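>>> quick check, what structure comes out for this input:
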Amino acid sequence: MGVNSTALQLHLDSDTLEGRFCDFAVEEFACASLVALTAQDLAMILKCNRSANSSGSTPIWKLLLSKTSHVLNESLDLLTNMMFDPRNPAASIILDAIGEVRLNSFPDTYVNDPDFINIWFNHRLRPFLPAVSPDFLSCLTTKDFTCNTYQEIVQTLSHVKPNMSIIVQTAVLTRFIKPFLTRNDTADPGCLSGSNSSTEWLMDNVGPFSQYLLLQEILQLNQEFNPLEALSLLTSLQRVQLLLLQLPTLPEQNVIINTLFDHLTASPEEQKKIPEFLALLHEHLEAGFNRNFSCSAYKTLFARLDLALVEVPLNVASFITHNKVKLSALIPTDVLQFIASNQTSVM
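So this is what the prediction gives:
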(Lines give C-alpha, C1' and ligand atoms only; values in the text may rest on other atoms or scores of the structure.)
Protein backbone atom coordinates (compact mmCIF):
# COMPACT_ATOMS: atom_id res chain seq x y z
CA MET A 1 0.00 0.00 0.00
CA GLY A 2 1.43 3.38 -1.04
CA VAL A 3 1.90 6.42 1.19
CA ASN A 4 -0.34 9.41 0.52
CA SER A 5 1.42 12.64 1.44
CA THR A 6 -1.03 14.95 -0.34
CA ALA A 7 -2.58 16.48 2.78
CA LEU A 8 0.84 16.97 4.39
CA GLN A 9 2.23 18.49 1.19
CA LEU A 10 -0.59 21.05 1.10
CA HIS A 11 0.30 22.17 4.63
CA LEU A 12 4.01 22.28 3.77
CA ASP A 13 3.42 24.33 0.61
CA SER A 14 1.12 26.77 2.40
CA ASP A 15 3.28 26.96 5.52
CA THR A 16 0.35 25.97 7.76
CA LEU A 17 1.94 23.01 9.56
CA GLU A 18 2.63 24.90 12.80
CA GLY A 19 1.49 22.82 15.77
CA ARG A 20 0.57 19.82 13.60
CA PHE A 21 3.95 18.17 13.02
CA CYS A 22 3.00 15.17 15.15
CA ASP A 23 -0.30 14.63 13.34
CA PHE A 24 1.39 13.07 10.33
CA ALA A 25 3.20 9.75 10.07
CA VAL A 26 6.95 9.56 9.55
CA GLU A 27 6.31 7.81 6.23
CA GLU A 28 4.29 10.81 5.00
CA PHE A 29 7.16 13.19 5.76
CA ALA A 30 9.68 10.85 4.14
CA CYS A 31 7.65 10.76 0.91
CA ALA A 32 6.92 14.50 0.74
CA SER A 33 8.96 17.31 -0.77
CA LEU A 34 10.91 18.79 2.16
CA VAL A 35 13.00 21.45 0.44
CA ALA A 36 11.36 24.25 2.42
CA LEU A 37 11.53 22.45 5.78
CA THR A 38 13.48 24.46 8.39
CA ALA A 39 15.70 23.25 11.21
CA GLN A 40 12.98 24.23 13.67
CA ASP A 41 10.45 22.17 11.70
CA LEU A 42 12.67 19.10 11.68
CA ALA A 43 13.32 19.51 15.41
CA MET A 44 9.56 19.45 16.02
CA ILE A 45 9.23 16.25 13.94
CA LEU A 46 12.04 14.60 15.89
CA LYS A 47 10.50 15.59 19.23
CA CYS A 48 7.15 13.89 18.58
CA ASN A 49 6.33 11.24 21.17
CA ARG A 50 5.22 8.58 18.73
CA SER A 51 3.69 5.24 19.60
CA ALA A 52 5.26 1.96 18.52
CA ASN A 53 2.85 1.79 15.56
CA SER A 54 3.78 5.25 14.27
CA SER A 55 7.46 5.45 15.21
CA GLY A 56 8.63 4.52 11.71
CA SER A 57 11.54 2.31 10.74
CA THR A 58 15.23 3.01 10.35
CA PRO A 59 15.05 3.04 6.50
CA ILE A 60 12.13 5.52 6.60
CA TRP A 61 13.89 7.81 9.06
CA LYS A 62 17.08 7.50 7.03
CA LEU A 63 15.16 8.67 3.93
CA LEU A 64 13.61 11.54 5.87
CA LEU A 65 16.92 12.67 7.37
CA SER A 66 18.71 12.34 4.03
CA LYS A 67 16.12 14.65 2.42
CA THR A 68 16.57 17.15 5.28
CA SER A 69 20.35 16.78 5.50
CA HIS A 70 20.82 20.50 4.85
CA VAL A 71 19.20 21.38 8.20
CA LEU A 72 19.93 18.19 10.21
CA ASN A 73 22.95 19.50 12.13
CA GLU A 74 21.20 22.75 13.06
CA SER A 75 18.09 20.82 14.05
CA LEU A 76 20.07 18.54 16.39
CA ASP A 77 21.74 21.60 17.90
CA LEU A 78 18.27 22.91 18.83
CA LEU A 79 17.58 19.71 20.77
CA THR A 80 20.84 19.60 22.74
CA ASN A 81 19.29 20.63 26.06
CA MET A 82 16.49 18.07 26.06
CA MET A 83 16.52 14.34 26.84
CA PHE A 84 14.32 11.90 24.94
CA ASP A 85 12.28 9.44 26.96
CA PRO A 86 14.06 6.12 26.29
CA ARG A 87 10.63 4.45 26.35
CA ASN A 88 9.76 6.36 23.17
CA PRO A 89 10.31 3.66 20.52
CA ALA A 90 11.25 6.28 17.93
CA ALA A 91 14.29 7.49 19.91
CA SER A 92 16.55 4.50 19.18
CA ILE A 93 15.31 4.31 15.57
CA ILE A 94 16.13 7.98 14.97
CA LEU A 95 19.59 7.51 16.51
CA ASP A 96 20.26 4.52 14.24
CA ALA A 97 19.19 6.57 11.23
CA ILE A 98 21.40 9.53 12.23
CA GLY A 99 24.29 7.10 12.59
CA GLU A 100 23.79 5.85 9.04
CA VAL A 101 23.18 9.28 7.50
CA ARG A 102 25.89 11.18 9.33
CA LEU A 103 28.43 9.18 11.35
CA ASN A 104 28.98 6.50 8.72
CA SER A 105 29.66 9.14 6.10
CA PHE A 106 32.47 10.89 7.99
CA PRO A 107 36.07 9.98 7.15
CA ASP A 108 38.06 8.02 9.75
CA THR A 109 40.17 11.07 10.61
CA TYR A 110 37.09 12.72 12.13
CA VAL A 111 36.58 10.00 14.75
CA ASN A 112 40.08 10.74 16.06
CA ASP A 113 39.22 14.39 16.65
CA PRO A 114 38.11 15.02 20.28
CA ASP A 115 36.30 18.22 19.26
CA PHE A 116 34.29 16.34 16.62
CA ILE A 117 33.39 13.59 19.10
CA ASN A 118 32.40 16.16 21.71
CA ILE A 119 30.12 18.06 19.29
CA TRP A 120 28.39 14.94 18.07
CA PHE A 121 28.18 12.70 21.13
CA ASN A 122 28.08 15.18 24.00
CA HIS A 123 25.73 17.57 22.18
CA ARG A 124 23.94 16.47 19.03
CA LEU A 125 23.41 12.78 19.86
CA ARG A 126 23.22 13.10 23.64
CA PRO A 127 19.39 13.50 23.81
CA PHE A 128 18.96 10.13 22.06
CA LEU A 129 21.69 8.14 23.85
CA PRO A 130 19.54 6.85 26.76
CA ALA A 131 17.80 4.77 24.08
CA VAL A 132 20.95 3.73 22.20
CA SER A 133 20.45 0.42 20.39
CA PRO A 134 22.76 -2.63 20.41
CA ASP A 135 23.26 -2.18 16.66
CA PHE A 136 24.41 1.43 17.07
CA LEU A 137 26.83 0.39 19.83
CA SER A 138 28.21 -2.49 17.77
CA CYS A 139 28.72 -0.14 14.84
CA LEU A 140 30.76 2.17 17.08
CA THR A 141 33.25 -0.61 17.81
CA THR A 142 34.15 -0.76 14.10
CA LYS A 143 35.36 2.85 14.16
CA ASP A 144 39.05 3.60 14.54
CA PHE A 145 38.72 5.66 17.70
CA THR A 146 41.81 6.63 19.61
CA CYS A 147 41.72 6.02 23.36
CA ASN A 148 41.02 9.73 23.86
CA THR A 149 37.98 9.79 21.60
CA TYR A 150 36.76 6.42 22.92
CA GLN A 151 36.98 7.81 26.46
CA GLU A 152 35.03 10.92 25.40
CA ILE A 153 32.16 8.66 24.31
CA VAL A 154 32.35 6.60 27.52
CA GLN A 155 32.09 9.79 29.59
CA THR A 156 29.04 10.98 27.64
CA LEU A 157 27.37 7.58 28.00
CA SER A 158 28.22 7.67 31.72
CA HIS A 159 26.47 11.02 32.12
CA VAL A 160 23.23 9.75 30.56
CA LYS A 161 23.41 6.32 32.26
CA PRO A 162 20.81 7.27 34.93
CA ASN A 163 18.29 7.74 32.11
CA MET A 164 19.01 4.32 30.59
CA SER A 165 17.18 1.10 31.33
CA ILE A 166 19.29 -1.68 32.84
CA ILE A 167 19.08 -3.52 29.50
CA VAL A 168 20.60 -0.54 27.68
CA GLN A 169 23.26 -0.07 30.37
CA THR A 170 24.41 -3.67 30.04
CA ALA A 171 24.34 -3.35 26.23
CA VAL A 172 26.75 -0.38 26.48
CA LEU A 173 29.11 -2.66 28.35
CA THR A 174 28.76 -5.79 26.20
CA ARG A 175 28.36 -4.17 22.78
CA PHE A 176 30.76 -1.22 23.03
CA ILE A 177 33.08 -1.07 26.06
CA LYS A 178 34.24 -4.67 26.26
CA PRO A 179 34.63 -5.14 22.47
CA PHE A 180 36.69 -1.94 22.18
CA LEU A 181 38.95 -2.65 25.15
CA THR A 182 39.65 -6.20 23.91
CA ARG A 183 40.61 -5.12 20.39
CA ASN A 184 44.25 -5.87 19.59
CA ASP A 185 44.45 -3.74 16.44
CA THR A 186 44.58 -0.34 18.17
CA ALA A 187 47.63 1.77 18.99
CA ASP A 188 47.06 1.20 22.71
CA PRO A 189 45.10 -2.04 23.31
CA GLY A 190 43.03 -1.76 26.47
CA CYS A 191 43.94 1.96 26.71
CA LEU A 192 46.49 1.13 29.41
CA SER A 193 49.28 3.59 28.73
CA GLY A 194 47.41 6.83 29.38
CA SER A 195 46.29 6.06 32.95
CA ASN A 196 48.25 6.94 36.08
CA SER A 197 46.34 4.58 38.37
CA SER A 198 43.84 1.72 38.38
CA THR A 199 41.16 4.10 39.63
CA GLU A 200 41.78 6.47 36.73
CA TRP A 201 41.80 3.63 34.19
CA LEU A 202 38.47 2.25 35.41
CA MET A 203 36.80 5.66 35.51
CA ASP A 204 38.05 6.72 32.08
CA ASN A 205 37.52 3.48 30.18
CA VAL A 206 34.56 1.76 31.82
CA GLY A 207 32.94 4.41 33.98
CA PRO A 208 29.93 3.47 36.13
CA PHE A 209 29.16 0.57 33.77
CA SER A 210 31.83 -1.36 35.69
CA GLN A 211 29.11 -2.28 38.20
CA TYR A 212 27.96 -4.98 35.77
CA LEU A 213 31.37 -6.62 35.49
CA LEU A 214 32.70 -9.44 37.59
CA LEU A 215 36.04 -8.58 39.14
CA GLN A 216 37.57 -11.36 37.02
CA GLU A 217 36.33 -9.55 33.90
CA ILE A 218 37.92 -6.28 34.99
CA LEU A 219 41.22 -8.10 35.50
CA GLN A 220 40.87 -9.66 32.05
CA LEU A 221 40.40 -6.23 30.49
CA ASN A 222 43.43 -4.88 32.36
CA GLN A 223 45.88 -7.41 33.78
CA GLU A 224 47.68 -4.56 35.55
CA PHE A 225 44.52 -3.50 37.40
CA ASN A 226 45.00 -3.21 41.18
CA PRO A 227 41.61 -3.73 42.90
CA LEU A 228 42.87 -2.52 46.28
CA GLU A 229 43.82 0.77 44.70
CA ALA A 230 40.33 1.21 43.22
CA LEU A 231 38.19 0.02 46.14
CA SER A 232 36.07 3.17 46.05
CA LEU A 233 34.81 2.17 42.58
CA LEU A 234 34.12 -1.49 43.33
CA THR A 235 30.67 -2.78 44.21
CA SER A 236 30.09 -4.88 47.32
CA LEU A 237 29.91 -7.97 45.13
CA GLN A 238 33.23 -7.14 43.47
CA ARG A 239 34.78 -6.62 46.92
CA VAL A 240 33.58 -10.07 47.98
CA GLN A 241 35.00 -11.52 44.77
CA LEU A 242 38.30 -9.80 45.55
CA LEU A 243 38.34 -11.51 48.93
CA LEU A 244 37.55 -14.97 47.59
CA LEU A 245 39.50 -14.98 44.33
CA GLN A 246 42.72 -16.93 44.39
CA LEU A 247 44.91 -15.24 41.83
CA PRO A 248 48.71 -14.95 41.89
CA THR A 249 48.47 -11.22 41.11
CA LEU A 250 46.50 -10.50 44.31
CA PRO A 251 47.97 -10.07 47.82
CA GLU A 252 47.26 -12.68 50.49
CA GLN A 253 43.79 -12.71 52.02
CA ASN A 254 44.83 -11.13 55.33
CA VAL A 255 46.17 -8.08 53.49
CA ILE A 256 42.96 -7.84 51.45
CA ILE A 257 40.74 -8.13 54.55
CA ASN A 258 42.63 -5.45 56.44
CA THR A 259 42.66 -3.09 53.46
CA LEU A 260 38.96 -3.70 52.83
CA PHE A 261 37.97 -2.96 56.42
CA ASP A 262 40.25 0.07 56.60
CA HIS A 263 38.27 1.37 53.64
CA LEU A 264 34.82 0.23 54.84
CA THR A 265 35.20 1.92 58.21
CA ALA A 266 36.87 5.10 56.95
CA SER A 267 33.74 7.15 56.23
CA PRO A 268 30.00 7.16 57.06
CA GLU A 269 29.15 6.44 53.41
CA GLU A 270 31.37 3.37 53.33
CA GLN A 271 30.14 2.15 56.72
CA LYS A 272 26.62 2.00 55.24
CA LYS A 273 27.92 -0.58 52.75
CA ILE A 274 29.12 -3.02 55.43
CA PRO A 275 25.76 -4.85 55.80
CA GLU A 276 25.51 -5.52 52.06
CA PHE A 277 29.14 -6.65 51.95
CA LEU A 278 28.71 -9.06 54.87
CA ALA A 279 25.43 -10.43 53.50
CA LEU A 280 27.07 -11.18 50.14
CA LEU A 281 30.14 -12.64 51.84
CA HIS A 282 27.96 -15.00 53.90
CA GLU A 283 26.02 -15.96 50.76
CA HIS A 284 29.22 -16.87 48.90
CA LEU A 285 30.80 -18.73 51.82
CA GLU A 286 27.59 -20.69 52.34
CA ALA A 287 27.52 -21.56 48.63
CA GLY A 288 30.87 -23.34 48.94
CA PHE A 289 33.42 -20.59 48.49
CA ASN A 290 34.53 -21.15 52.10
CA ARG A 291 37.10 -23.61 50.80
CA ASN A 292 38.79 -20.56 49.25
CA PHE A 293 38.95 -18.94 52.70
CA SER A 294 41.95 -19.86 54.84
CA CYS A 295 41.93 -20.35 58.61
CA SER A 296 44.09 -17.29 58.98
CA ALA A 297 41.62 -15.28 56.88
CA TYR A 298 38.74 -16.26 59.17
CA LYS A 299 40.73 -15.11 62.19
CA THR A 300 41.57 -11.79 60.58
CA LEU A 301 37.97 -11.28 59.42
CA PHE A 302 36.53 -11.77 62.92
CA ALA A 303 39.20 -9.59 64.48
CA ARG A 304 38.30 -6.77 62.06
CA LEU A 305 34.57 -7.27 62.69
CA ASP A 306 35.20 -6.83 66.42
CA LEU A 307 37.19 -3.65 65.77
CA ALA A 308 34.46 -2.33 63.47
CA LEU A 309 31.82 -2.67 66.20
CA VAL A 310 33.15 0.39 68.01
CA GLU A 311 33.61 2.45 64.85
CA VAL A 312 30.24 2.19 63.11
CA PRO A 313 26.69 3.43 63.91
CA LEU A 314 24.49 1.31 66.16
CA ASN A 315 22.35 -0.08 63.33
CA VAL A 316 25.45 -1.25 61.42
CA ALA A 317 27.00 -2.67 64.61
CA SER A 318 23.81 -4.65 65.21
CA PHE A 319 24.03 -6.10 61.70
CA ILE A 320 27.68 -7.02 62.24
CA THR A 321 26.82 -8.85 65.48
CA HIS A 322 24.02 -10.74 63.74
CA ASN A 323 26.25 -11.71 60.82
CA LYS A 324 29.07 -12.84 63.10
CA VAL A 325 26.69 -15.50 64.40
CA LYS A 326 25.75 -16.55 60.87
CA LEU A 327 29.37 -16.60 59.73
CA SER A 328 30.38 -18.64 62.79
CA ALA A 329 28.28 -21.52 61.50
CA LEU A 330 30.53 -21.70 58.44
CA ILE A 331 33.85 -21.65 60.30
CA PRO A 332 35.95 -24.80 60.75
CA THR A 333 35.92 -26.03 64.37
CA ASP A 334 39.62 -25.36 65.05
CA VAL A 335 39.33 -21.77 63.84
CA LEU A 336 36.16 -21.23 65.89
CA GLN A 337 37.97 -22.47 69.02
CA PHE A 338 40.85 -20.09 68.31
CA ILE A 339 38.50 -17.11 67.97
CA ALA A 340 36.62 -18.08 71.13
CA SER A 341 39.85 -18.38 73.13
CA ASN A 342 41.04 -14.99 71.85
CA GLN A 343 37.77 -13.32 72.88
CA THR A 344 38.00 -14.97 76.35
CA SER A 345 41.54 -13.72 76.87
CA VAL A 346 40.51 -10.17 75.89
CA MET A 347 37.69 -10.25 78.45
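>>> check contacts around Met83.
Contact analysis of Met83 by Cβ atoms under 8 Å, 6 or more residues apart in numbering lists Arg126, Pro127, Pro130, Val160, Asn163. Heads up, the C-betas are built off the backbone N, CA and C, glycines and all.
>>> thinking Ala279 is in contact with Asn323, fair?
Yes: judged on Cβ atoms under 8 Å, Ala279 makes contact with Asn323 at a distance of 7.1 Å.
>>> which of these two has more neighbours?
Between Ala279 and Asn323, counted using other Cβ atoms under 10 Å, Asn323 has the larger neighbour count: 18 against 15.
>>> how about the host helix or strand of the more buried one: buried residues?
Using DSSP states H and E, the element containing Asn323 is helix 314-328. By neighbour count on 16 or more other Cβ atoms under 10 Å, the buried set for helix 314-328 is Val316, Ala317, Phe319, Ile320, Asn323, Lys324, Leu327.
>>> so for Pro332, what pLDDT did the model give?
For Pro332, the model assigns a pLDDT of 66.
>>> and Pro127, how many residues sit next to it?
So Pro127, with other Cβ under 10 Å, has 22 neighbours.
>>> next: Cys31.
Neighbour tally, Cys31, other Cβ under 10 Å: 19.
>>> tell me how far it lies from Ala25.
Using Cβ to Cβ, to the nearest Å, Cys31 is found at 10 Å from Ala25.
>>> what sits in contact with each of these two?
Val3.
>>> and the nearest residue to Ser138 once chain neighbours are set aside, how far from Val168?
For Ser138, ignoring the flanking residues on the chain, the nearest one in space by Cβ to Cβ, 6 or more residues apart in numbering is Arg175 at 5.0 Å. As judged by Cβ to Cβ, Arg175 and Val168 stand 10 Å apart.
>>> what's the answer for Arg124, then?
19 Å.
>>> could you do Asp306 as well?
Applying Cβ to Cβ to Asp306 and Val168 gives a distance of 44 Å.
>>> mean confidence score for the helix holding Asn323?
pLDDT averaged over helix 314-328 gives 93.
>>> give the other helices and strands that it contacts.
With contacts taken as 3 or more Cβ pairs under 8 Å, 6 or more residues apart in numbering; DSSP states H and E, helix 314-328 sits against helix 274-286, helix 295-308.
>>> of all the ones you listed, which lies closest to Phe261?
Among these, helix 295-308 comes nearest to Phe261, with 4.1 Å by Cβ to Cβ.
>>> ok, Cys48 - contacts?
Taking Cβ under 8 Å, 6+ apart as the definition, contacts of Cys48 comprise Phe21, Cys22, Ala90.
>>> looking at those, which one is closest to Val71?
Phe21 (13.9 Å).
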